[in-house]
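Engineer: return atomic coordinates for the entry below.
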Amino acid sequence: MSTELNAERMLKAVLDALPVGLFWKDRNSAILGCNQKFADDSGAATPADLIGKTNFHVYSRAQAEAYRADDLEVINTGNSKLGIEEMLPLPDGATSWVETNKVPLRNDSGEVIGVLATYRDITERRRANEERTILAMELAVAKQTATLAMHDSLTGLPNRRFLQETLRARLINLRPKECIAIVAMDLDRFKRINDLYGHAAGDELLQKMAELLSQQMDQDDFIARVGGDEFVLLLTFRTQVALIKRLSAIVTTCQKPISLTNSEALVGVTLGIARTPADGTEADLLLRRADMALYQAKEHDHTPFEFFTEGMDILVQERARLERDLRIAVRNDQIVPHFQPLVQLETGKVICYEILARWQHPELGFLLPAHFIKVAEDAGLIGELTLNLLRSACTKTLHWPDAPRLAINISPIQLRDASLPQKILKILVECKFPPDRLEIEITEDALIADIDTAQRILLSLKNLGIRIALDDFGAGYSSLQQLLQLPFDDLKIDRSFVHSMNESKNALTIIKAIIHLAKNLSLSVTAEGIESRQQALMLHALGCQQGQGYYLGRPSSGLAEKSNPIKSVRERTSGGRLRA
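Structural biologist: Numbers count the residues shown, from 1 in each chain. Okay, the predicted model is just below:
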């Protein structure tokens, strides 16, 4: 008996000394025994205080049911359930994380009569794991942030920052006899496609172009999207001949149609190239010079790529100065109207004056629109410039004899401004200028960008009583469908056909067709660029109603002199000379 007591005390001492909690239960989850740690964690003074009790006597119902579910799984299956990580509420209100292992408790016959379980505190381990998890997440987020900071989100290509860092590294580690071509690239017709099919199509086009260009890159090459429809390529090369061959291949590839989800795009590209070491050895300088070459290539029609040459930087600086001066001129209303007469060929009467922009530059002298209109469009000044010009012209011509109409050309950019009719009406009201004395001229190219917006704007202008003319007809992209959809009053035959009509049967045929088309659509027709008596007579004979050109009258700052009246074509057939 003494030996049994000693053995029982020793077993209890061993169980109480264990650093883990230990307990065993019957099939009803009633506690049959436990060690002191379990008693402590359950809020009991001694293990004996817990005998016969269940978890429902110690824990909340939800917690007790969770423990009971684990017990039943072990009892019913006869399988152990190990490594259960769960929360253990403590008597002081705190909680700890424990790892519990439960095994079947069997009798001598092997029957499952309950559950034997141990658990150990893993709070510190969980905390360490959580810290490692948090650290890993923070590192992943930091890595993702760094990736996003260095890449374009739309195409996945490196961005400008990545490009600059890569180019600097390449320049430092450049191998002997190896050169780098820094190629600045613009998509030629991206804006037109973006406007015509929508931004989703534009985004898809940029993604397809990024894939296409990436396929053209060799192992040592690099490609980045630096904004909008602008890409930059870094191409390694050893000879100029090899470089030109690669550039030509890239241009040819990009000229092929690109299939989009709901359309097909024909884009094309323009390239500007700076090379090491000829054009510099610093990253920022080379990128800037590639941009200069690109600008020059875009200025020269039908030039797919152009290399940087000395003097381009001077041209870019001159353009920047011109843009600066133009901003001042527009702000101070220094762009003034000149007026070119539009003549009725049958009577010689001036029925309209086209408003032409002129700029007396303080240093460059008298500038024509060809010198500054594109600069105004690129700089976002064309809207303000045109409206200022219209206001000045309306004020100046309001009381001219016979109340001639005024015609003003609207930029394609303005034809995307839905508020344009309201802006024009505001000027007419301010100047007390009748809307039926104003004619708006648009080019065919302006219709391609967004025919729906153009139609809404032109209909609004037409409803105000303003006439609408299609300028440079025959030289652009308009279709007969657009002529039917849009409220035109006048077709203006492009000057190129008038210039060639005496030498080219095709030009003459086109003129005849336009006059015939205009007649059938009940539109008036005006021939531009008339520079000779023969042209005027022939156009009148073909049925052209109106004419414009230096032979009929040059642009001037005021009303045509009465001492030089424009006589009718019919009078001139007897020897008179048609001029202004």
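Engineer: in the stretch 401-550 of the chain, which spans are strands?
Structural biologist: For the stretch 401-550 of the chain, the strands defined by DSSP state E, counting those that start in this stretch occupy 405-409, 438-443, 467-473, 490-493, 524-527, 546-547.
Engineer: what about stretch 218-236, average pLDDT?
Structural biologist: Per-residue pLDDT over stretch 218-236 has a mean of 92.
Engineer: ok, residues contacting that stretch?
Structural biologist: 152, 154-155, 157-160, 162-163, 166-167, 170, 178-187, 190-191, 206, 209-210, 213-214, 217, 243, 246-247, 250, 287, 290 (C-beta atoms under 8 Å, 6 or more residues apart in numbering). C-beta coordinates here come from the backbone N, C-alpha and C atoms, glycine included.
Engineer: only whichever of those are buried, select them in PyMOL.
Structural biologist: Buried members of the contacts of stretch 218-236, defined by 16 or more other C-beta atoms under 10 Å, are picked up in PyMOL with:
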select buried, resi 152+155+157+158+159+160+162+163+166+167+170+179+180+181+182+183+184+185+186+187+190+206+209+210+213+243+246+247+250+287+290
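Engineer: I'd like to know which of the contacts of stretch 218-236 are part of strands.
Structural biologist: Here DSSP state E is the test, and the contacts of stretch 218-236 give C179, I180, A181, I182, V183, A184, M185, D186, L187 as lying in strands.
Engineer: tell me where the stretch 1-150 of the chain has helices.
Structural biologist: 2-17, 36-42, 61-77, 123-150 (DSSP state H, counting those that start in this stretch).
Engineer: ok, now which ones touch T281?
Structural biologist: Neighbours of T281 in contact, by C-beta under 8 Å, 6+ apart: L171.
Engineer: next one: it from L464, what distance?
Structural biologist: T281 is 60 Å from L464, where distance means C-beta to C-beta, to the nearest Å.
Engineer: before we move on, what about L287?
Structural biologist: Distance of L287 to L464, computed by C-beta to C-beta: 48 Å.
Engineer: again with L247
Structural biologist: With the distance defined as C-beta to C-beta, L247 ends up 51 Å from L464.
Engineer: could I have the CA atoms of stretch 377-388 written out in PDB?
Structural biologist: What follows is stretch 377-388, C-alpha atoms only, in PDB (Å, rounded to 0.1, in the frame of the first residue of the first chain):
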ATOM      1  CA  GLU A 377      -2.300  74.000 -81.800                       C
ATOM      2  CA  ASP A 378       0.500  72.100 -80.100                       C
ATOM      3  CA  ALA A 379       0.600  74.700 -77.200                       C
ATOM      4  CA  GLY A 380      -3.100  74.700 -76.700                       C
ATOM      5  CA  LEU A 381      -3.500  78.300 -77.800                       C
ATOM      6  CA  ILE A 382      -5.500  77.800 -81.000                       C
ATOM      7  CA  GLY A 383      -9.000  78.200 -79.400                       C
ATOM      8  CA  GLU A 384      -8.200  81.500 -77.700                       C
ATOM      9  CA  LEU A 385      -6.300  82.700 -80.800                       C
ATOM     10  CA  THR A 386      -9.200  81.900 -83.200                       C
ATOM     11  CA  LEU A 387     -11.900  83.400 -80.900                       C
ATOM     12  CA  ASN A 388      -9.900  86.600 -80.400                       C
END
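Engineer: quick check: buried residues in that stretch?
Structural biologist: Under 16+ other C-beta under 10 Å, the buried positions of stretch 377-388 are E377, A379, L381, I382, G383, L385, T386, L387, N388.
Engineer: who does the nearest residue to Q545 once chain neighbours are set aside form a beta bridge with?
Structural biologist: With sequence-adjacent residues excluded and distances taken as C-beta to C-beta, 6 or more residues apart in numbering, Q545 is closest to S524, at 5.3 Å. As for beta bridges, S524 partners with D490 under DSSP bridges.
Engineer: counting neighbours, what do you get for S524?
Structural biologist: By other C-beta atoms under 10 Å, the residues close to S524 number 18.
Engineer: I'd guessed it sits against F488; true?
Structural biologist: No. Using C-beta atoms under 8 Å, S524 is not in contact with F488; the gap is 9.5 Å.
Engineer: how close does the residue most central in space within the chain get to V525?
Structural biologist: Nearest to the geometric centre of the chain sits G228, at 4.7 Å (C-alpha atoms, centre = their mean). Counting by C-beta to C-beta, the gap from G228 to V525 is 40 Å.
Engineer: one more: R495?
Structural biologist: Here R495 is placed at a distance of 14 Å from V525 (C-beta to C-beta).
Engineer: of the two, who's got more company?
Structural biologist: Higher neighbour count among R495 and V525: V525, with 24 against 17, using other C-beta under 10 Å.
Engineer: quick one: buried residues of stretch 48-64?
Structural biologist: Result for stretch 48-64 [16+ other C-beta under 10 Å]: buried residues L50, T54, N55, V58, Y59, Q63, A64.
Engineer: average model confidence for stretch 388-395?
Structural biologist: pLDDT averaged over stretch 388-395 gives 96.
Engineer: ok, so of the ones in strands among the contacts of stretch 218-236, who is nearest T395?
Structural biologist: Closest to T395 out of the ones in strands among the contacts of stretch 218-236 is D186 (40.4 Å), distances taken as C-beta to C-beta.
Engineer: so how far is F231 from the residue nearest to the closest one when sequence neighbours are not counted?
Structural biologist: Sequence neighbours aside, T270 is the residue nearest to D186 in space, at 5.2 Å (criterion: C-beta to C-beta, 6+ apart). To F231, T270 is 11 Å away according to C-beta to C-beta.
Engineer: what is in contact with these two at once?
Structural biologist: Taking C-beta under 8 Å, 6+ apart as the contact rule, T270 and F231 both touch M185.
Engineer: before we move on, which element is E384 in?
Structural biologist: Using DSSP states H and E, E384 maps to helix 382-397.
Engineer: nearest to N520 among the buried residues of stretch 377-388?
Structural biologist: When these are compared for distance to N520 (C-beta to C-beta), T386 wins out at 32.3 Å.
Engineer: surely that closest one is in contact with L415?
Structural biologist: No. Contact criterion C-beta under 8 Å: T386 and L415 do not qualify, at 11.2 Å.
Engineer: domains for the chain, by residue range?
Structural biologist: Domain segmentation of the chain under automatic domain parsing yields 2-125, 160-310.
Engineer: quick check: buried residues in stretch 529-536?
Structural biologist: Buried residues in stretch 529-536 (16+ other C-beta under 10 Å): G529, I530, R533, Q535, A536.
Engineer: chain center to that stretch: distance?
Structural biologist: Remark: stretch 529-536 is offset 46 Å from the chain centroid, using C-alpha atoms, centre = their mean, to the nearest Å.
Engineer: that one spans what distance, first to last residue?
Structural biologist: 10 Å (C-alpha to C-alpha, to the nearest Å).
Engineer: who's in contact with that stretch?
Structural biologist: By C-beta under 8 Å, 6+ apart, the residues outside stretch 529-536 that reach it are 345, 494-496, 498-499, 501-502, 527, 539, 547-552, 569, 572, 577-578.
Engineer: buried ones among those?
Structural biologist: When the contacts of stretch 529-536 are checked for burial by 16+ other C-beta under 10 Å, the buried set is 345, 494-496, 498-499, 501, 527, 539, 547-549, 551-552, 569, 572, 578.
Engineer: how about residues contacting the helix or strand harbouring I373?
Structural biologist: Using DSSP H and E, the element containing I373 is helix 369-378. Outside helix 369-378, the residues that touch it by C-beta under 8 Å, 6+ apart are 319, 322-323, 326, 330, 356-359, 364, 381-382, 385, 411, 413.
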